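1. okay, sequence plus prediction incoming.
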Amino acid sequence: MIKKLTIGMGVTLVALSGMASADMSYTCKHDVQKRLIKVIYESAEAKVPCKVEYTKEHGEEPKILWDAQNQEGYCEEKAAAFVEKQKGWGWECAADAMEEAAAAEPAEEASEEAASEEASETTSEEGAM
């Protein structure tokens, strides 16, 4: 099951229920400068514990802005709110491809499962006639 949470000005977070947790990240750009905002999960099996990491320049040590041990969705909400704050300061931010790919995989799997079930039902119905 895919759940969507919209926060602020059109930032949509996708939570994949029952799926492995993939780290998510946003890249923000302003002229030649870049910022990286990343939600990192300690385990691929769960949404917590997690942390929100912020890197100003490549090569600079990332800073941990927030973390959560028990509250699912906390890191994602904080990251999305921080992305909106960056946009308010004139930065252009976008979700990185790894997140979009993770969201697309369950949709593709669901389509394949539906097609398989439909084929099975058609075969069963034909046999019943």
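-> The structure has been received and is ready for your questions. Since the structure is predicted, the reported quantities are computational estimates derived from the model, not experimental observations. Numbers count the residues shown, from 1 in each chain.
2. could I get the buried residue list for the longest strand along the chain?
-> The single longest strand within the chain, with elements called by DSSP state E, is strand 33-41. Neighbour counts over strand 33-41 (16 or more other Cβ atoms under 10 Å) mark 35-41 as buried. Any C-beta I mention is one placed from the backbone N, CA and C, and that applies to glycine too.
3. tell me the strands beside that strand, with direction?
-> With DSSP bridges as the criterion, the sheet partners recorded for strand 33-41 are strand 24-30 (antiparallel), strand 50-55 (antiparallel).
4. most tightly packed of these?
-> strand 50-55 (a mean of 20; mean count of other Cβ atoms under 10 Å).
5. hmm, back to that, how about CSV for the buried residues of strand 33-41, with distance to A97 and pLDDT added?
-> Output for the buried residues of strand 33-41, formatted as CSV (distance: Cβ to Cβ, whole Å; pLDDT from 0 to 100):
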residue, distance to A97, pLDDT
R35, 17, 94
L36, 13, 95
I37, 15, 96
K38, 13, 96
V39, 15, 96
I40, 17, 95
Y41, 18, 95
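6. between these, which is nearest E53?
-> Distance to E53 across those (Cβ to Cβ) is lowest for K38, with 4.6 Å.
7. burial count for S43?
-> By other Cβ atoms under 10 Å, the residues close to S43 number 11.
8. which SS state does E45 fall under?
-> Each residue gets one of three states, and E45 gets coil by DSSP: H, G, I helix; E, B strand; the rest coil.
9. who does M24 bridge with?
-> M24 forms beta bridges with V39, as assigned by DSSP bridges.
10. thought it was touching I37?
-> No. Shown here, M24 and I37 do not form a contact pair, counting by Cβ atoms under 8 Å, at 9.2 Å.
11. okay, and the common contacts of these two?
-> Residues touching both M24 and I37 (Cβ atoms under 8 Å, 6 or more residues apart in numbering) are A79.
12. in a helix, that's where V83 is, yeah?
-> Yes. The assignment for V83 by three-state DSSP puts it in a helix.
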